[in-house]
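Colleague: Need a 3D model of the following:
(4 chains)
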2 protein chains.
Amino acid sequence: MTKIDDVARLAGVSTATVSRALRGLPTVSAATRRRVLAAAEQLQYAVSPSASRLAGGRTGTVAVVVPRITRWFFGTVVESVEEFLHQSGYDLLLYNLGGREQTRQRVLRTASLHKRVDAVILVATPLRPADVAALTKLEIPGVTISSGSGVPGWPCVRIDDVAAARTATRHLLDLGHTRIAHISGDPDDELAFTTHLDRRRGYQEALRAAGLRADPSLDVESRFTIDGGNRATAELLARGEPPTAIFAACDEMAMGAMTALRDAGLRVPQDVSVIGIDDHDLAGVLGLSTIAQPAAEQGLLAARILLDPLGARSADPYAGQVPRPRTDGDQPAAPVILPTRLVVRESTAPPRAH
Amino acid sequence: MTKIDDVARLAGVSTATVSRALRGLPTVSAATRRRVLAAAEQLQYAVSPSASRLAGGRTGTVAVVVPRITRWFFGTVVESVEEFLHQSGYDLLLYNLGGREQTRQRVLRTASLHKRVDAVILVATPLRPADVAALTKLEIPGVTISSGSGVPGWPCVRIDDVAAARTATRHLLDLGHTRIAHISGDPDDELAFTTHLDRRRGYQEALRAAGLRADPSLDVESRFTIDGGNRATAELLARGEPPTAIFAACDEMAMGAMTALRDAGLRVPQDVSVIGIDDHDLAGVLGLSTIAQPAAEQGLLAARILLDPLGARSADPYAGQVPRPRTDGDQPAAPVILPTRLVVRESTAPPRAH
DNA sequence: CTGAAAGCGCTTACAG
DNA sequence: CTGAAAGCGCTTACAG
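Modeller: Numbering: from 1, shown residues only, chains lettered A, B, ... in the order given. The predicted structure follows:
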């Protein structure tokens, strides 16, 4: 493998100059830079990341932690984060927690992130005090996406979950429903973060604002998955008289609910209306009404907040000159809240008796 | 930050011994190892990956390249690969091509993978000769998942796409259909790999075996996405008399087809039957008949084939002793083919006239 | 604008 | 089983 010495020799300069020229540092004369680039090109030189990291102290890598990459929201976030990161010259180290507590601890608490990445993006990751302490000790910048416990000094990008849930519930109320069930995340579920608490609160607030009382028998906890929605709905139906509408805390749960309703011989929306939150890729196919949230935008914004402070990457193909992640101290205190929007499709309609 | 010298001093040994003890090498006495581990624990020592990589020449990292992480198959594959890799002590560098030719070239052809990873897993990534040359020059082991052009010396894990398509088509034939349309990948589509060619072949073979001729007007090309399926079906319907059944090359296309049919006022399966390939998470919710393929298993198997040769990771929390990727030379020549299975749901039925 | 030299923090023959 | 020492391939003050 060619190394920097070979390039230096061919270009007739020192390795220091090669290093500077290739990284696009301004302190190199145009003529020298040209010679260095030509030499590097000719030798097909590629810098050794390990050596560069050890000497320079920067890894050019960002860790992205998600609960489950296969869920719509997380996949969509990762996709947009990945694009921005790679455009900016950063690599993406993926950590998929998969609901395994052990994995969460290994990633978050041990030093597995230590010296391995320059920054961290945590997507809807539940954080215990010990996790926060460990992350803080890492002394690297980070961003969290989605609500819940954050890390002091780290910006947060999310939607207003309470408001989204309120809007969804109000849509059902406006249609004339009064027996509105809610299916949402299990507090013991690692995937759920605290999002489900906010969404339940929005549901209850909307009911209260309409002069209704939240009926505990219409509130079922389950996982934030298709299967979770399916089970929760089956449980709901087993409890007796079905509700005339179901507000699911996410679209995947709503889809599970649709399946359970169909299996029970109930039609959507004639017998039961269903609404979710997300605007999942397949919401349109299923005719699912929902509260759309901008997933890709949240990912993009988080990545940008993390990297922007130091400007964009040089266009030079050899540039190691990448934006440095923002450091503690210049963080916005308030979370960045992105807007949501009601999307009415075929799964919601007035109750039959209406 | 504590470094290896600090641990060596506290344990009263050389840095070489610390290095060996922490990595679980056998050439360390039990007593010494104990002392080293205690010292490391006490100082909360964590090895510097950059230094370790530079000195040792191994990165402990595997690159995983996918067309689009948001598509069901790729997300599912990545999830299982991620779990196995992290269990084995490897990090996962994610590359999401996103259908951008420029990105594909940057990742595959430039030296961006060079010295950055120990191995590569390519999922359904279209490969031009120049890409194959660049990958070969990397001189690192790799595995490809999904059919199509491979890399010489790299094992391949996939399903039999021709057979899967044949089974899907035959299911429709068995129900009595004779006007069977096919919607599949566009050859210019970077996402499509060569999978769509195999699936079209299976479709044509099944028709021929039934004494039917493939009608070009019933064969529409489009992207392997929901929207692709939607457009292809709209195009199909615009061509005149609708088919009585549609075989979509993947479930996402099938879902798009269902939407297009509904929008055209056609019922599934009464007016048109629909079948796909995948057994997508939501196939059940939509009642979609399909050919199930084991996505997670393909990922797991690929990761295992890549890493297994050197055995499993030590249980030691400090172990850097991770399985070394298999090297060229001991590759199985034939691809590993995983089984598929017909799953009949509600989207397929005999044609009405039947 | 450029170079000589130290140093980043490990691992690996080599010797014992 | 253990240690001294070289070396991995860069970047970064420092000096000019």
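Colleague: and the nearest residue to A:Ala214 once chain neighbours are set aside, what helix or strand is that in?
Modeller: In space, and not counting its chain neighbours, A:Ala214 is closest to A:Gln204: 4.7 Å by CB to CB, 6 or more residues apart in numbering or on different chains. Placement of C-beta: from N, CA and C, glycine included. Assigned by DSSP states H and E, A:Gln204 falls within helix A:195-209.
Colleague: Now that helix - C-alpha only, CSV.
Modeller: Written as CSV, here are the backbone C-alpha positions of helix A:195-209 (Å, rounded to 0.1, in the frame of the first residue of the first chain):
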residue,chain,number,x,y,z
THR,A,195,-43.3,8.9,23.8
HIS,A,196,-46.3,6.8,24.7
LEU,A,197,-46.8,8.8,27.9
ASP,A,198,-47.1,12.0,26.0
ARG,A,199,-49.4,10.5,23.5
ARG,A,200,-51.7,9.1,26.2
ARG,A,201,-51.7,12.5,27.8
GLY,A,202,-52.8,14.2,24.6
TYR,A,203,-55.6,11.6,24.2
GLN,A,204,-56.8,12.3,27.8
GLU,A,205,-56.6,16.0,27.4
ALA,A,206,-58.7,16.0,24.2
LEU,A,207,-61.3,13.8,25.9
ARG,A,208,-61.4,16.1,28.9
ALA,A,209,-61.7,19.2,26.7
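Colleague: any idea how far that helix is from the chain center?
Modeller: 22 Å (CA atoms, centre = their mean, to the nearest Å).
Colleague: wait, isn't A:Asp279 in contact with A:Arg345?
Modeller: No - using CB atoms under 8 Å, A:Asp279 is not in contact with A:Arg345, being 9.8 Å away.
Colleague: which neighbours do those two share?
Modeller: Common contacts of A:Asp279 and A:Arg345 (CB atoms under 8 Å, 6 or more residues apart in numbering or on different chains): A:Thr290.
Colleague: Neighbour count: these two, which is higher?
Modeller: A:Asp279 (23 against 17; other CB atoms under 10 Å in any protein chain shown).
Colleague: if you skip the residues just before and after it, what's nearest to the more buried one?
Modeller: Using CB to CB, 6+ apart and skipping residues adjacent in sequence, the residue nearest A:Asp279 is A:Ala292, 3.4 Å away.
Colleague: OK, contacts around the one you found?
Modeller: If a contact means CB under 8 Å, 6+ apart, then A:Ala292 has A:278-279, A:340-343 as its contacts.
Colleague: between those, which has the most around it?
Modeller: Ranked by the number of neighbours (other CB under 10 Å), the contacts of A:Ala292 place A:Asp278 first, at 26 neighbours.
Colleague: List the beta-bridge partners for that one.
Modeller: Beta-bridge partners for A:Asp278, by DSSP bridges, are A:Ala292.
Colleague: remind me which residues of the stretch 151-300 of chain A are low pLDDT?
Modeller: For the stretch 151-300 of chain A, applying pLDDT under 70 flags the ranges A:187-193.
Colleague: now do 90
Modeller: A:151-153, A:185-197, A:214, A:240 (pLDDT under 90).
Colleague: so where do the helices sit in it?
Modeller: Using DSSP state H, counting those that start in this stretch, the helices found in the stretch 151-300 of chain A span residues A:161-174, A:195-209, A:226-238, A:251-263, A:283-286, A:295-307.
Colleague: Serialize these to TSV and add fields for mean neighbour count.
Modeller: Output for these, formatted as TSV (neighbours: other CB atoms under 10 Å in any protein chain shown):
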stretch	mean neighbour count
helix A:161-174	22
helix A:195-209	21
helix A:226-238	22
helix A:251-263	26
helix A:283-286	23
helix A:295-307	23
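Colleague: Looking at the ones you listed, which is nearest to B:Ala31?
Modeller: helix A:295-307 (46.1 Å; CB to CB).
Colleague: dump the residue contacts of the closest residue to A:Gln105 other than its chain neighbours.
Modeller: Excluding its sequence neighbours, the residue lying closest to A:Gln105 (CB to CB, 6+ apart) is A:Asp131, at 7.8 Å. A:Asp131 makes contact with A:104-105, A:108-109 under the criterion CB under 8 Å, 6+ apart.
Colleague: now those as a markdown table including secondary structure, pLDDT and neighbour count?
Modeller: Listed next are these as a markdown table, based on DSSP: H, G, I helix; E, B strand; the rest coil; pLDDT from 0 to 100; neighbours: other CB atoms under 10 Å in any protein chain shown:
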| residue | secondary structure | pLDDT | neighbour count |
| --- | --- | --- | --- |
| A:Arg104 | helix | 84 | 21 |
| A:Gln105 | helix | 84 | 15 |
| A:Leu108 | helix | 86 | 25 |
| A:Arg109 | coil | 80 | 16 |
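Colleague: Closest one of these to A:Pro141?
Modeller: Within the contacts of A:Asp131, distances to A:Pro141 taken as CB to CB reach their minimum at A:Leu108, with 15.9 Å.
Colleague: coming back round to it: doesn't A:Leu212 make contact with the residue nearest to A:Ala214?
Modeller: No - if you go by CB under 8 Å, A:Gln204 and A:Leu212 don't touch, sitting 9.5 Å apart.
Colleague: Check the contact lists of those two and give me the overlap.
Modeller: Residues touching both A:Gln204 and A:Leu212 (CB under 8 Å, 6+ apart): none.
Colleague: picking that back up, return the member of the contacts of A:Asp131 nearest to B:Pro242.
Modeller: A:Arg104 (50.6 Å).
Colleague: In this structure the closest one contacts A:Asn96, no?
Modeller: No - the pair A:Arg104 / A:Asn96 is not scored as a contact, 10.7 Å apart, by CB under 8 Å.
Colleague: returning to that earlier point: and the contacts of A:Ala292, which two are furthest apart?
Modeller: Farthest pair in the contacts of A:Ala292, by CB to CB: A:Asp278 and A:Leu342, 12.4 Å.
Colleague: residues contacting the closest residue to A:Arg53 other than its chain neighbours?
Modeller: Spatial nearest neighbour of A:Arg53, excluding adjacent residues (CB to CB, 6+ apart): B:Ser50 at 3.8 Å. Contact analysis of B:Ser50 by CB under 8 Å, 6+ apart lists A:50, A:53-54, A:59, A:115.
Colleague: Next step: these restricted to helices.
Modeller: Among those, DSSP state H puts A:50, A:53-54 in helices.
Colleague: In a markdown table, list these along with pLDDT.
Modeller: Below are the ones in helices among the contacts of B:Ser50 laid out as a markdown table (pLDDT from 0 to 100):
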| residue | pLDDT |
| --- | --- |
| A:Ser50 | 94 |
| A:Arg53 | 95 |
| A:Leu54 | 95 |
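Colleague: still on that earlier bit, what packs against the helix holding A:Gln204?
Modeller: helix A:161-174, strand A:180-185 (3 or more CB pairs under 8 Å, 6 or more residues apart in numbering or on different chains; DSSP states H and E).
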